[in-house]
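Enquirer: I would like to see how this sequence folds:
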Amino acid sequence: MTNGREVAESSPSGPNYSTQSTLADLPGHTVVLGTDTTGEQLGTLFSQQSDLPGVIIFDENGFAGMISQTHFYKCVSRAFGREVYYRRSVAIMLQEIATPLILPADCSIPTAVERCLLRTLDFVYEPFLIYSREANEYKICAVQVLLLASSQLAALRNRQMELILNSVTDGLLVIDRNFRVGSEYSRVVSRLFERDDLRDASLPEVLQPLIDDVTYGQLQDYLKILFDPKLIDRLIKSINPAKQISVRFPGVDPDEEKIKHFALNFERIRSQAEISQVLVQIEDITHQINLSKELARQEAAAEEKIHLVMQILQVEPVALNRFVTHFNEGLSALEQIPNQVLENGYFKETVHGMFRRVHTLKGEAAMLRLGAHEKLLHRLEDELDKLRLAPDSGAGSLHVLSSPLEALHRLRDQIRQILEQVKSLDTAAKTPEQPASAPAPRKLTLMESLSQMVSEISQRLNKPAVFYTSVKDEDLPSQYREMLPEILMHLIRNSMAHGLETVEVREARGKNPLGIMQLEMRSHPEVYEMIFQDDGAGLDLDKIRRRAEQMGWQLPTEDHVRYAIFEPGFSTADGVSDLAGRGVGLDAIRDAVQKAGGRIIPHSHPGAYCAFQIILPKTSPSTGT
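Expert: The predicted structure follows:
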């Protein structure tokens, strides 16, 4: 401080401010005068230093006040002002001046601007004092200097904000109470929405063509309550409907679309008691979503493979090998369908033949509890059924088989890989030091597999049932061991779907609620006789006749009605399921029996039982043995 000769503190190039600048960084004046200074002396000082905004006045007790140049000239310009003020001390002026605005040196520049503008209109542009507590010093600062520093800081903040908005990886924008986008937003926002004209655009209108109607409606409702200050922030965030949304953009091809996944988060900006604006953060989470889906797919595939391994390990090796052979042969035959149709032109016949083959494979998979095979074969069976029943289907319709066939090929490769791994592990386990390490789990016999199949289907249909037989696997004639398991599987499925009643019906008829299926095998001099019987409802001849008439068939005798159940495509089921409704099970049985030179005879009594008697020659036409 000096006595009347202090000038403004400033560098030749002007001050440099940062966003952390305070009043201590502003240039100021530290001219100090005593209360005994005359008005004339003060006037001389102001005339010599026209840029001096004011002076600091001290008395014997210390700081006494401040006299601004503006106030000085206002006083001396009054009538007789010079006579009153020039000859007397400045203490008389201090009596007319309100206490000056004093701000601490560590006060931020924006806060200082706000404090200055809160003064009355007469004092808005009066200089103010900056007090440093550490140095116990005052300096005078002009409001114009403060405003200039504030504008420079605003420009600096704008440049920094622009740099930030152009650098951040998330989309950032601000919306007002009308949901309109502010003038500044991150460059990423334009890239995310694939458009540049977002200033003053309505955020809901920007999103509407990109999201589904349900999400759009939820978002509109959410934006309305977003500006309700009575709702707490935690609740607002918890009900955000846009935490994960699918966004659709037009693709290069007009018929294609590009799907992205966005996450929108909303941060409310409060101004006193109101929500004035909302900061919206938009993140492209497409990669995370796709990665999550891929991980889920891989986990499902791994789990499915483990399940498949467990299924395979429970199947008796001979039965498994037989099924794998049938499965591979079936796939090879399916691949030849287009060539067969082109060669013989019999589309319907060829497709029907493959349909029956797939149906039989599905039943065999169900009997062995190979659920993955059963599921995919049922899917393929559906497609073949549509082809064989559609009146206008032809060779050009075979493309619908591509997807299920590809899935079955992948399953075949998995089975092959699993069997090779099991074989290598089995070989590695049989070392000279440990020829028989641990007993392998016992495999189910054919009869046990059939009993297990009955148990599973009965649970699925809620029809309690059991399978009784004294026949052992080795009792089956060797020449029919390929054919008989498939026949028995079809008979069990037919009995569960059509023969056995529900518990309620059985109890109403005075029958045991537990349905029973039985198998008996006899050997005669020239033939084998197999009888499969259930204690269900028996053949409903009236229903069979009505169904046949609907199909345009004429059945003159009761035997014709009874044997109609073996005709291709005939079924009395009300709908199609994985067990019935295709009209192919009994058809396949009859064909297999007839090819072996045998015959099948149905026996039935209404409400009591249905039995199928199968007669097979001891010398099979196909084997000659």
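Enquirer: For P617, which non-adjacent residue is closest in space?
Expert: G597 (4.8 Å; C-beta to C-beta, 6 or more residues apart in numbering). (Glycine included, C-beta is placed from N, CA and C.)
Enquirer: is it true that the one you found touches L616?
Expert: Yes - look at G597 against L616 with C-beta atoms under 8 Å: they come within range, at 7.4 Å.
Enquirer: more neighbours, the two?
Expert: L616 (22 against 14; other C-beta atoms under 10 Å).
Enquirer: and the more buried one, what are its bridge partners?
Expert: Y528 (DSSP bridges).
Enquirer: quick one: secondary structure of the residue nearest to P617?
Expert: coil (DSSP: H, G, I helix; E, B strand; the rest coil).
Enquirer: State the distance from it to D591.
Expert: 12 Å (C-beta to C-beta, to the nearest Å).
Enquirer: Then G607?
Expert: G607 sits 30 Å away from D591, taking C-beta to C-beta as the criterion.
Enquirer: can you check Y563 too?
Expert: 13 Å.
Enquirer: More neighbours: which of these two?
Expert: Counted by other C-beta under 10 Å, Y563 and D591 do not tie: Y563 has more neighbours, with 17 against 14.
Enquirer: Not counting residues beside it along the chain, what's closest to that one?
Expert: P602 (7.2 Å).
Enquirer: Phi first, then psi, for the one you found.
Expert: Note on P602: its backbone torsions stand at phi -90, psi 140 [degrees, to the nearest 10].
Enquirer: try V181
Expert: phi -70, psi 140.
Enquirer: Need the mean per-residue confidence for the longest strand belonging to the chain.
Expert: Ranked by residue count, the top strand of the chain under DSSP state E comes out as strand 257-271. Average pLDDT, strand 257-271: 89.
Enquirer: immediately after that strand, which helix or strand?
Expert: Remark: after strand 257-271, the chain's next helix or strand is strand 274-284, criterion DSSP states H and E.
Enquirer: Pull out the buried residues from that next one.
Expert: Neighbour-count burial for strand 274-284, counted by 16 or more other C-beta atoms under 10 Å, picks out 275, 277-278, 280, 282-284.
Enquirer: can I get those in JSON lines with distance to P229 and pLDDT?
Expert: As requested, the buried residues of strand 274-284 are exported to JSON lines (distance: C-beta to C-beta, whole Å; pLDDT from 0 to 100):
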{"residue": "I275", "distance to P229": "5", "pLDDT": "88"}
{"residue": "Q277", "distance to P229": "13", "pLDDT": "90"}
{"residue": "V278", "distance to P229": "12", "pLDDT": "90"}
{"residue": "V280", "distance to P229": "18", "pLDDT": "90"}
{"residue": "I282", "distance to P229": "24", "pLDDT": "89"}
{"residue": "E283", "distance to P229": "26", "pLDDT": "88"}
{"residue": "D284", "distance to P229": "31", "pLDDT": "89"}
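Enquirer: What is the nearest of these to V55?
Expert: V55 lies nearest to Q277 out of these, by C-beta to C-beta, at 44.5 Å.
Enquirer: Now do the nearest residue to that closest one once chain neighbours are set aside against R481, distance only.
Expert: Among residues not flanking Q277 along the chain, I269 sits closest, at 4.4 Å (C-beta to C-beta, 6+ apart). Look at I269 and R481: by C-beta to C-beta, they are 80 Å apart.
Enquirer: Have a look at the two and say which one is more surrounded.
Expert: A count of neighbours by other C-beta under 10 Å puts R481 above the other of I269 and R481, at 15 against 11.
Enquirer: can you list the weak-confidence ranges in the chain?
Expert: Counting by pLDDT under 70, the ranges of the chain that qualify are 1-15, 158, 160-169, 254, 316, 340-346, 391-396, 425-443, 574-584, 620-625.
Enquirer: Give me the neighbour count for L210.
Expert: 18.
Enquirer: Contacts only, for A372.
Expert: 304, 307-308, 311, 411 (C-beta atoms under 8 Å, 6 or more residues apart in numbering).
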